[in-house]
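Q: coords please:
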Amino acid sequence: MKSTFQNRCMDRRTVLRGFGACVSLPFLDAMERAVPLRGAAAPRRTLFVFAPNGKKMDEWRPKSEGALKQLPHLLEPLAPVLDHIAVISGLALDGGRAHGDGPGDHARAAASFLTCAHPRKTGGADLEVGVSVDQLLASEIGASTRFPSLELGMERGAAAGICDSGYSCAYSNNVSWRSKDTPVAKETEPRAVFARMFGDPEAAMDQRARAALLASRRSVLDASLAEAKSLARQLGGRDRAKLSAYLDSVRELERRIEREQQSQQDAPQAPKHVFAERGDFAARLEAMYELLALAFETDQTRVATFMLGNAGSNRSYRFLSVPEGHHDLSHHGNDPHKLAGIRAINRFHIERFAAFLQRLQSTKSGSATLLDETAVVYASGISDGDRHNHDDLPVLAVGVGRGGRHLVCDKETPMANLFVSVLRRAGSQQERFGDSTGALDLG
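A: Residues are numbered from 1 along each chain as shown. Next up, the predicted model:
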């Protein structure tokens, strides 16, 4: 006997509600039948990931152009999702160069990363760079989701003051810009991100309220379990299993964040000269990637940015047996010890990124997967951290064009050309962006 939901369509925006809790659902089979009736296309999601301090390019760049038959050491973790990935060489960020402004390559690398514009050199309030590609996209499609865009990062950062050779900290600590003089602040606490998406946003923004919430409230799902059980009785077998697995994953994520925040409270104070966050960096990074996956899975947003570190990040990676700061190591001078440290950090970042892509690949979204519906650009605004060069950047494009290959662009091809392709893939009608000269042909 078919259930009620097997006989009618279920709205894609259905949520579980109870006692102030509001939990979005994953894409169920019962929702899939509603899509053709409304003539809506599958959601197209876009993520931009910023990696600081460049890469160890001799172990990043594939040896030959075309099909990726053998991955270099740093990209080996991507093998399970290789068909979705294009490694792109030759792209440049001209906005990251000095243009007469002297030192400050790290600040310019972040400021120009998604704007493809040269930032005004200032340590004051007279900021000027440009609108970033994520915010341009959010202005076009953001109204269709609860959050027009989501900005996450692994390191806090000041909005004022000087962080790099006369450049405002706002340039070093942000890649997302709503207007030419207004950065979009990122969220760096997984607990707050989770509360924003699945709990009370106002309480999540207040530290005292968050502390009280941590001490007193039960899982945000508890208030919705009764309704979830009722809903499950009306679903088909596949949807019941999918709903159960999804609720378990959300509950486990909340528990993981609870444990992480408790470990942060118990952690000793880190030395002031080390960019070290409270708690376990690897666990927090995993939590942030999981939050991004959940945000896309529940259609809370379709546009996101993620900074693995602020520009010039000097974080220590002791858990990788790399006690030196990342930025210090990037000025390697071909020292074998420093290069080994950079190698370990670069490999770790790609391992976590590959795990995130596999998480998207394992999540069904209608007749496709989240990975099929998501475009990701993973890159750095600097190529070799020792040279501080902004050409031949390390760039990965996921889900933008044909994957499984190494694309070598002509020298000085603007990064903005890739962003035009990303915009078009997301349904934008933009013909130009930043210093673009056209769309990148990704097949």
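Q: from G341, how far off is S330?
A: 9 Å (C-beta to C-beta, to the nearest Å). Every residue, glycine included, has its C-beta placed from N, CA and C.
Q: ok, now H327?
A: H327 is 11 Å from G341, by C-beta to C-beta.
Q: now do A416
A: 32 Å.
Q: the two: which is more packed in?
A: Using other C-beta atoms under 10 Å as the criterion, A416 and G341 rank with A416 on top: 28 against 25.
Q: just to be sure, the more buried one is in a helix?
A: Yes. Counting by DSSP: H, G, I helix; E, B strand; the rest coil, A416 is found in a helix.
Q: list the contacts for it?
A: C116, F433, G434, D435, S436, T437 (C-beta atoms under 8 Å, 6 or more residues apart in numbering).
Q: swap the cut-off to 7 Å and go again
A: C116, F433, G434, D435, S436 (C-beta atoms under 7 Å, 6 or more residues apart in numbering).
Q: again, but for L440
A: N417, L418, S421 are the contacts of L440 under C-beta under 7 Å, 6+ apart.
Q: also V408?
A: Counting by C-beta under 7 Å, 6+ apart, V408 has contacts E65, S89, G90.
Q: quick one: residues contacting the residue nearest the centre of the chain.
A: For the chain, F306 is the residue whose C-alpha lies nearest the centre (C-alpha atoms, centre = their mean; 3.3 Å). By C-beta under 7 Å, 6+ apart, the contact set of F306 is L47, V49, L152, G153, M288, L292.
Q: what does A397 give?
A: A86, I88, V377, L418, L442.
Q: neighbour-wise, which of the contacts of L440 leads?
A: That'd be L418 among the contacts of L440, by other C-beta under 10 Å, with 29 neighbours.
Q: show me the shaky parts of the protein.
A: 1-41, 199-230, 232, 246, 249-250, 252-254, 256-279 (pLDDT under 70).
Q: domains in it, by residue range?
A: Under automatic domain parsing, the residue ranges defining each domain of the chain are 1-41+214-276, 45-188+277-425.
Q: of these, flag the one that's most buried.
A: domain 45-188+277-425 (a mean of 20; mean count of other C-beta atoms under 10 Å).
Q: ends of that domain, how far apart?
A: This stretch, domain 45-188+277-425, spans 10 Å end to end (C-alpha to C-alpha, to the nearest Å).
Q: chain center to it, what's the gap?
A: 8 Å (C-alpha atoms, centre = their mean, to the nearest Å).
Q: wait, isn't P52 in contact with R315?
A: No. P52 lies out of contact with R315 (C-beta atoms under 7 Å); the separation is 8.7 Å.
Q: mutual contacts of the two, please.
A: G309, H326.
Q: helix or strand for L360, which one?
A: helix 336-361 (DSSP states H and E).
Q: now swap in R178 and tell me
A: Going by DSSP H and E, R178 is part of strand 177-179.
Q: next: G130.
A: Counting by DSSP H and E, G130 is part of no helix or strand.
Q: that one and N173, how far apart?
A: Taking C-beta to C-beta, one finds G130 at 17 Å from N173.
Q: doesn't A439 fall inside a helix?
A: No. Counting by three-state DSSP, A439 is located in no helix; its state is coil.
Q: return the residues in contact with it.
A: N417, V420, S421, R424.
Q: now the closest residue to the second one other than its chain neighbours: how far from L423?
A: Going back to what we said before, that points to V420. Nearest non-adjacent residue to V420, counting by C-beta to C-beta, 6 or more residues apart in numbering: A439, 4.4 Å away. Separation of A439 from L423 (C-beta to C-beta): 9 Å.
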